[in-house]
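J.: Turn this into a model:
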Amino acid sequence: MLKRSVRMELESIIKELQVNLENNYKDLAHDALKKLHATLEENLATGKMKEKDYNKYKKIADDYSNKMANYHH
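T.: Numbers count the residues shown, from 1 in each chain. Coordinates of the predicted model:
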């Protein structure tokens, strides 16, 4: 089971990413996506999340990466 604090942190970053995309803030959305990937890697490395939870959130992050692949100025 994923700790509540870790889940809340990840959900907060995802929400920030969604809001930035909705408001067409591409730079901030890219920053939030980088933060999401970094947070996932850090939590997996430190043992705060298990492989199953990591894969779940990694898929979400990868989906956003694919969606944002053509976002340039």
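
J.: make it CA atoms for all contacts and neighbour counts henceforth
T.: Will do.

J.: Low-confidence stretches in the protein?
T.: Along the chain, the parts satisfying pLDDT under 70 run over 72-73.

J.: Grab the nearest non-local neighbour of the residue minimising distance to the centre of the chain.
T.: For the chain, the residue nearest the mean C-alpha position is residue 36 (3.0 Å; CA atoms, centre = their mean). Leaving aside its chain neighbours, residue 36 sits nearest to residue 13 (6.2 Å; criterion: CA to CA, 6 or more residues apart in numbering).

J.: Next up, identify which helix or strand the residue nearest to the centre of the chain is on.
T.: When elements are assigned from DSSP states H and E, residue 36 belongs to helix 26-45.

J.: which of the residues in that helix are buried?
T.: For helix 26-45, the neighbour count (16 or more other CA atoms under 10 Å) marks 26, 29-30, 32-37, 39-40, 44 as buried.

J.: In JSON lines, list these along with distance to residue 65.
T.: Shown next, in JSON lines, are the buried residues of helix 26-45 (distance: CA to CA, whole Å):
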{"residue": "26", "distance to residue 65": "12"}
{"residue": "29", "distance to residue 65": "10"}
{"residue": "30", "distance to residue 65": "9"}
{"residue": "32", "distance to residue 65": "11"}
{"residue": "33", "distance to residue 65": "7"}
{"residue": "34", "distance to residue 65": "9"}
{"residue": "35", "distance to residue 65": "12"}
{"residue": "36", "distance to residue 65": "11"}
{"residue": "37", "distance to residue 65": "10"}
{"residue": "39", "distance to residue 65": "15"}
{"residue": "40", "distance to residue 65": "14"}
{"residue": "44", "distance to residue 65": "19"}
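
J.: residue contacts, the spatially closest residue to residue 65 that is not a sequence neighbour?
T.: Nearest-residue entry for residue 65: residue 33, 7.4 Å, with adjacent residues in sequence omitted and distances by CA to CA, 6+ apart. For residue 33, the contact set (CA atoms under 8 Å, 6 or more residues apart in numbering) comprises 13-14, 17, 61, 64-65.

J.: so which of those is the most crowded?
T.: Within those, residue 17 tops the neighbour count with 24 neighbours, counted by other CA atoms under 10 Å.

J.: still on that earlier bit, and the helix holding residue 36, how far out from the chain middle?
T.: Taking CA atoms, centre = their mean, to the nearest Å, the mean C-alpha location of helix 26-45 is offset from the chain mean by 5 Å.
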